[in-house]
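Peer 1: model this:
(chains A, B, C and D)
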There are 2 protein chains.
Amino acid sequence: MSDRQERKISGLAVPRLSQYYRALLDSQSRKVISSEELSLLTGFSAAQIRRDLACFGQFGKPGLGYNVEDLKNALIQILGMDREWNVALVGVGNLGAALLGYKGFRRPGFRLVAAFDIDSQKVGQTVEGVPILHEDHLIEFVQKESVQLAVITVPAAAAQEVADLLVRAGIRALLNFAPLRLKVPDSVMVHNIDVAIELERLSFLASRMKNVNFS
Amino acid sequence: MSDRQERKISGLAVPRLSQYYRALLDSQSRKVISSEELSLLTGFSAAQIRRDLACFGQFGKPGLGYNVEDLKNALIQILGMDREWNVALVGVGNLGAALLGYKGFRRPGFRLVAAFDIDSQKVGQTVEGVPILHEDHLIEFVQKESVQLAVITVPAAAAQEVADLLVRAGIRALLNFAPLRLKVPDSVMVHNIDVAIELERLSFLASRMKNVNFS
DNA sequence: TAGATTGTTAATCGATTAACAATC
DNA sequence: TAGATTGTTAATCGATTAACAATC
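Peer 2: Residues are numbered from 1 along each chain as shown, chains lettered A, B, ... in the order given. Here you go, the predicted model:
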């Protein structure tokens, strides 16, 4: 909002911003909200909330708190959701097909414009309104339709190749479900969701629930 | 392995241990491996690898490195995978059904013993060899079959109720895909995978790829 | 004005990296 | 023995918390 220089912000803070946003959506009936009240709703400390927000501007009024509507809009802008992102999904297997139909993936601000696969049985079909195209047309489509974000749900063996295609096409950020570390240029952001590793984390936690300091 | 007192380890280190394990699986042709070589394979610094491992014992030999087979077995034990975990999945919707069929979820050490739903159309069916039971039988089943881990893939509105059931049944750890913060006793571990928040993270990253220090 | 709550600075805490003595 | 690499200690870096002057 303000045009003063932004402070450095840790990547760890980003999902917290999303949680603040979510809490505000649940508080639309209120006019203002304090960091202390947001703390109760999100579980993060009031000090951390104030500090996280202060990285991006001065959104609150001392003695009063934050205007819910204004802060919500500020977070939309901070999170880059004051625009529509075109999203493509690559790999229409079990997981990919499920994500196409999953409500959590159909959110305002994100337009799932196409899915890609190499299986000619799937190509040409439509899943939940999303057309499945052949991977051969990926680069062309991504460029013509200005797709900026992509979700990779192909098997591990194919994932790097798919990532390379997406990078060549000029994608900006990737959400990778394949269980491997993708090599991409610094200019492309990657975030990984690896359910195998999450299962092992559960195993670790369940087997020794002492001496762990979680963050 | 050794019985000396374990050092405190950060929760942040746990997924790294999984990555070391994965790298070792890819290095089975070798007899020994150094922290420097593991660093090349995983992208984590050699110092960090040595420190992470040293939390659990002395697995290496100065001047030589780590015996691949021994370290692999040590990590299996550290991660709690030297046993079979019985896992239940609750909520056989799009995402839940996909996970039942997803290879990344069918791993040695984890036995997916049952899925639960409230939809009588689904109850009684079998998905990828996993029987779908009614949620009314959840507590009974979890206790009788010693289910220790559970995956929650129900809609957000039902998730807390499901978590309460699982806690009452004596579950040890939860992997929660529903987009909300579950309230559970300290004795139950929860880890969240929230694809909506991950999408917003992509949006954040793609819109401002400066001033971010990732970890 | 008095009370409340912000934004920010200083203090604390924790995690990562650098460096090196120990040792294979 | 000489070279390599561990495990660990000390130094650095970064993130969180505490505290409070500023101010609504």
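
Peer 1: give me the number of residues near A:K61?
Peer 2: Residues near A:K61, counting by other Cβ atoms under 10 Å in any protein chain shown, number 10. Using the backbone N, CA and C atoms, a C-beta is placed for each residue, glycine as well.

Peer 1: Can you name the residues that contact it?
Peer 2: Under the criterion of Cβ atoms under 8 Å, 6 or more residues apart in numbering or on different chains, the neighbours of A:K61 are A:N67.

Peer 1: Quick check on it: phi, psi?
Peer 2: Main-chain torsions, A:K61, degrees, to the nearest 10: phi -120, psi 120.

Peer 1: Residues contacting stretch A:135-151, please?
Peer 2: Residues from elsewhere that reach stretch A:135-151, judged by Cβ under 8 Å, 6+ apart: A:85-90, A:96, A:99, A:110, A:113-114, A:116-118, A:133, A:162, A:165-166, A:168-175, A:177, B:199, B:202-203, B:206.

Peer 1: Doesn't A:R7 lie inside a helix?
Peer 2: No: A:R7 is assigned coil when assessed by DSSP: H, G, I helix; E, B strand; the rest coil, not a helix.

Peer 1: Wait, it touches A:G57, no?
Peer 2: No: counting by Cβ atoms under 8 Å, A:R7 sits too far from A:G57 to count as a contact (9.9 Å).

Peer 1: Those two: which is more packed in?
Peer 2: Applying other Cβ under 10 Å to A:R7 and A:G57 shows that A:G57 carries more neighbours, namely 16 against 11.

Peer 1: List the beta-bridge partners for A:G65.
Peer 2: Note on A:G65: beta-bridge partners by DSSP bridges are A:K61.

Peer 1: Keep only those of the contacts of stretch A:135-151 that are in helices.
Peer 2: A:G96, A:L99, A:V162, A:L165, A:L166, A:R168, A:A169, B:L199, B:L202, B:S203, B:A206 (DSSP state H).

Peer 1: Columns pLDDT and distance to B:K72 on top of the residues you listed, output as a markdown table?
Peer 2: Formatted as a markdown table, these follow (pLDDT from 0 to 100; distance: Cβ to Cβ, whole Å):
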| residue | pLDDT | distance to B:K72 |
| --- | --- | --- |
| A:G96 | 97 | 31 |
| A:L99 | 96 | 32 |
| A:V162 | 98 | 29 |
| A:L165 | 98 | 33 |
| A:L166 | 98 | 33 |
| A:R168 | 98 | 36 |
| A:A169 | 98 | 38 |
| B:L199 | 96 | 35 |
| B:L202 | 97 | 34 |
| B:S203 | 97 | 39 |
| B:A206 | 95 | 38 |
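
Peer 1: any idea how far the most far-flung residue of chain A relative to its centre lies from DNA strand D?
Peer 2: Using Cα atoms, centre = their mean, the residue of chain A lying farthest from its centre is A:G63. It sits 33.7 Å away. A:G63 sits 2 Å away from DNA strand D, taking Cβ to the nearest atom of the strand, to the nearest Å as the criterion.

Peer 1: So that residue lies in a helix, does it not?
Peer 2: No: per three-state DSSP, A:G63 lies outside any helix segment and is coil.

Peer 1: residue ranges with poor pLDDT in chain A?
Peer 2: A:1-6, A:209-215 (pLDDT under 70).

Peer 1: got the residues of it near DNA strand D?
Peer 2: Contact residues (Cβ under 7 Å from any atom of the strand) of chain A with DNA strand D: A:8, A:10-13, A:44-45, A:47-48, A:50-51, A:61-64, A:215.

Peer 1: For the most centrally placed residue in chain A, give me its contacts.
Peer 2: The centre of chain A sits closest to A:L175, judged by Cα atoms, centre = their mean, with a distance of 7.5 Å. Counting by Cβ under 8 Å, 6+ apart, A:L175 makes contact with A:L149, A:A150, A:V151, A:I152, A:H191, A:N192, A:I193, B:V195, B:E198, B:L199, B:L202.

Peer 1: try it again with 7 Å
Peer 2: Counting by Cβ atoms under 7 Å, 6 or more residues apart in numbering or on different chains, A:L175 makes contact with A:V151, A:H191, A:I193, B:E198, B:L202.

Peer 1: ok, of the residues you listed, which one's closest to DNA strand C?
Peer 2: When these are compared for distance to DNA strand C (Cβ to the nearest atom of the strand), A:H191 wins out at 16.7 Å.
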